[in-house]
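Undergrad: Sharing a sequence plus its predicted fold:
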2 protein chains.
Amino acid sequence: MPSAEAEIAGRTAMSHFSDTGTGPSVAERQAAVSLGELEHVAGLALRLAQLAVFERLFACLELGEMRLSELTVLHAVSRNPDIRQGVLADLLEIKWPNMTKLVRSLEKGGLIERHVPPDDRRSVALRATPEGVRRADAFVGTLKAGDREALAMLDDEEYARLLELCRKIAGRGAGA
Amino acid sequence: MPSAEAEIAGRTAMSHFSDTGTGPSVAERQAAVSLGELEHVAGLALRLAQLAVFERLFACLELGEMRLSELTVLHAVSRNPDIRQGVLADLLEIKWPNMTKLVRSLEKGGLIERHVPPDDRRSVALRATPEGVRRADAFVGTLKAGDREALAMLDDEEYARLLELCRKIAGRGAGA
DNA sequence: TCGGGATTGTTTACTAGAAAACAATTTCTG
DNA sequence: CAGAAATTGTTTTCTAGTAAACAATCCCGA
């Protein structure tokens, strides 16, 4: 059975981009090509939109050494001190095994610390270091700007509506 | 440099799902957790929404042996006879090397045929076999139903708006 | 017409993420 | 209280997808 994870449109919780794909001027010689009915399947459209946005986002972002996933996790930790690792993983739709690697990497970089709370010694609580907090703060501005830039084809009303709809879909209608 | 492909939210053009992730009742013990400002970054929201939709979609879908990527490609081929492989790849945001594998797999399954057009012997033109067309047709209904089901939290107006916005983002505002 | 460059597709190597098995702890139940 | 079951996280293994190098064909200009 195929794993639902890697099917139609990338599934990882955090991915790069870049397009090694031999140049973008291919469709020009075969016009009038479309997906037919699939063009109107919202799930696929969502996927294609997400890919397009991330492509543009990565173009604007200049992440340096860090990956977007790491920065996102770091930020979430900095805003939720002592958050447990599993909670964080579920929040960001990152699989637990991958979160382990990610967190270990951030710890090695001195950006977060891992504690084992005495009341539940199975779990791991995360906390950002001062340096981690600084990085997370610096990251937010860049990301917000890049995000808006990547969605420049939308006006403010459309942008707001998109956000609202996405949050509703992800089950975050009003939370925080 | 990290590859923009696999960063924040899966990037493949087509992925499965499933959640091996140790059960979904983790956040219940740590309430009041949120992504902070990141909660209002549309790119990330788009990503999380896409993940949620695909998860639900795969739950409804029952794909059997085939993968969603294969069915999508098959459908596109069946609606665009003699489409060139590269055009198809760009259309679905699938990297060329992956499209090669995908197409070869469909060919081996007897669902499509590959031709080398005489006027450009570098390229490969694809065409669905009768069996391929039948499969593609059968697939559309299932997918549409599953898609609507996966987005059941949206009413019709919201669904339509989402589709419109996504198509605009992906640069398919009015095409076909 | 011929030779450099671009386009199209494939092969190979690598990486990120998913799945499954595992260990440690806690909780529930008899 | 003892043991079964569930929760939490980690390790290992595997797959899907990306990147980079390659081969073949086509195009364009001298």
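TA: Received the coordinates, thanks. Residues are numbered from 1 along each chain as shown, chains lettered A, B, ... in the order given.
Undergrad: right, and the helix or strand after the helix or strand of chain A with the lowest mean pLDDT?
TA: Within chain A, no helix or strand scores below strand A:16-17, which has a mean of 33 by mean pLDDT, DSSP states H and E. Per DSSP states H and E, the first helix or strand lying C-terminal to strand A:16-17 is helix A:42-61.
Undergrad: Would you mind writing the CA trace of that next one as CSV?
TA: C-alpha atoms of helix A:42-61 as CSV (Å, rounded to 0.1, in the frame of the first residue of the first chain):
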residue,chain,number,x,y,z
ALA,A,42,-9.8,22.2,-4.6
GLY,A,43,-7.4,19.8,-3.0
LEU,A,44,-5.2,19.7,-6.0
ALA,A,45,-5.5,23.4,-6.5
LEU,A,46,-4.4,23.9,-2.9
ARG,A,47,-1.4,21.7,-3.5
LEU,A,48,-0.4,23.5,-6.6
ALA,A,49,-0.9,26.9,-5.0
GLN,A,50,1.2,25.8,-2.0
LEU,A,51,4.0,24.7,-4.2
ALA,A,52,4.0,28.0,-6.1
VAL,A,53,4.0,30.0,-2.9
PHE,A,54,6.9,28.1,-1.4
GLU,A,55,8.8,28.5,-4.6
ARG,A,56,8.5,32.2,-4.5
LEU,A,57,8.9,32.3,-0.8
PHE,A,58,12.2,30.6,-0.9
ALA,A,59,13.3,32.9,-3.7
CYS,A,60,12.8,35.9,-1.4
LEU,A,61,13.9,34.4,1.8
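Undergrad: between that helix and helix B:42-61, how many degrees?
TA: 150 degrees (axes from the mean of the first three to the mean of the last three CA atoms, to 10 degrees).
Undergrad: Next one: helix A:42-61, is it in contact with DNA strand C?
TA: No - judged by CB under 7 Å from any atom of the strand, helix A:42-61 and DNA strand C are separated, with a smallest distance of 11.2 Å. Glycine gets a C-beta too; all of them are placed from N, C-alpha and C.
Undergrad: Quick one: mean pLDDT for that helix?
TA: For helix A:42-61, the mean per-residue pLDDT is 93.
Undergrad: Is chain B within reach of that helix?
TA: Yes - Helix A:42-61 is in contact with chain B by CB under 8 Å from any CB of the partner chain, via A:42-55, A:57-58.
Undergrad: Closest one to residue B:154 out of these, please.
TA: Residue B:154 lies nearest to residue A:42 out of those, by CB to CB, at 8.3 Å.
Undergrad: check contacts around the closest residue to that closest one other than its chain neighbours.
TA: Leaving out its chain neighbours, the residue that sits closest to residue A:42 by CB to CB, 6 or more residues apart in numbering or on different chains is residue B:163, at 4.8 Å. Contact analysis of residue B:163 by CB atoms under 8 Å, 6 or more residues apart in numbering or on different chains lists A:40, A:42, A:45.
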